[in-house]
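1. the following comprises the amino acid sequence and a computationally predicted model.
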Amino acid sequence: MDQNNQNYQPTEPSAQPPQYQPQQPMGQPPYQPQPPYPPQPPFNNTNGVSIAALVCGILGIIGSWIPFVQFFTFILSVLGVVLGIRGRKISAPGQTGMATAGLVLGIIGVVFGIIGIICSACTCLAIGAYDGWDAFSYLY
């Protein structure tokens, strides 16, 4: 044998084969599941009172300029004020915007309703006076 072969000693195979980690295809990151949704706050029905105040206030403003309808929408304006106050009391802090809008529109509707009722009354009295009817004849 050759001199080089005499010094040759075979190495023992290792007890475990080398571990290879599987590579991701085309360098895509591994799939991460979506975290669960956070718990939802309990349902609070205070928004309905605020919406009712807002609707009553809007209808009160619109109807206050229509003759003879203003008597009915004046009641809606007053109801809008009451519901707006109640909605502000029962709403969570920072969520009183719609109730405040309903309250303000209700107040404006009440003012417009009063002006409309006065204008209607003056118109009826003026028409009656023009026809010769004296609305205040019972006073003298």
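-> Happy to help now that I have it. Numbering: from 1, shown residues only.
2. what helices or strands is the longest helix out of those in the chain leaning on?
-> Taking DSSP state H as the criterion, the chain has its longest helix at helix 97-130. Packed against helix 97-130 by the contact rule (3 or more CB pairs under 8 Å, 6 or more residues apart in numbering; DSSP states H and E) you find helix 47-63, helix 70-90. Where you see a C-beta, it was placed from the backbone N, CA and C, and this is true even at glycine.
3. out of these, nearest to residue 102?
-> Of all those, it is helix 47-63 that lies closest to residue 102, at 2.7 Å by CB to CB.
4. which strands or helices does the closest one pack on?
-> When contacts are defined as 3+ CB pairs under 8 Å, 6+ apart, helix 47-63 packs onto helix 70-90, helix 97-130.
5. what about residue 89, how many neighbours?
-> Residues contacting residue 89 under the criterion other CB atoms under 10 Å number 11.
6. what's the answer for residue 35, then?
-> Residues near residue 35, counting by other CB under 10 Å: 6.
7. what's the answer for residue 40, then?
-> Neighbours of residue 40 using other CB under 10 Å come to 6.
8. rewinding a little: same list (the helices and strands packed on helix 97-130) but as TSV, adding mean pLDDT and distance to residue 112.
-> Formatted as TSV, the helices and strands packed on helix 97-130 follow (pLDDT from 0 to 100; distance: least, CB to CB, whole Å):
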stretch	mean pLDDT	distance to residue 112
helix 47-63	93	6
helix 70-90	93	8
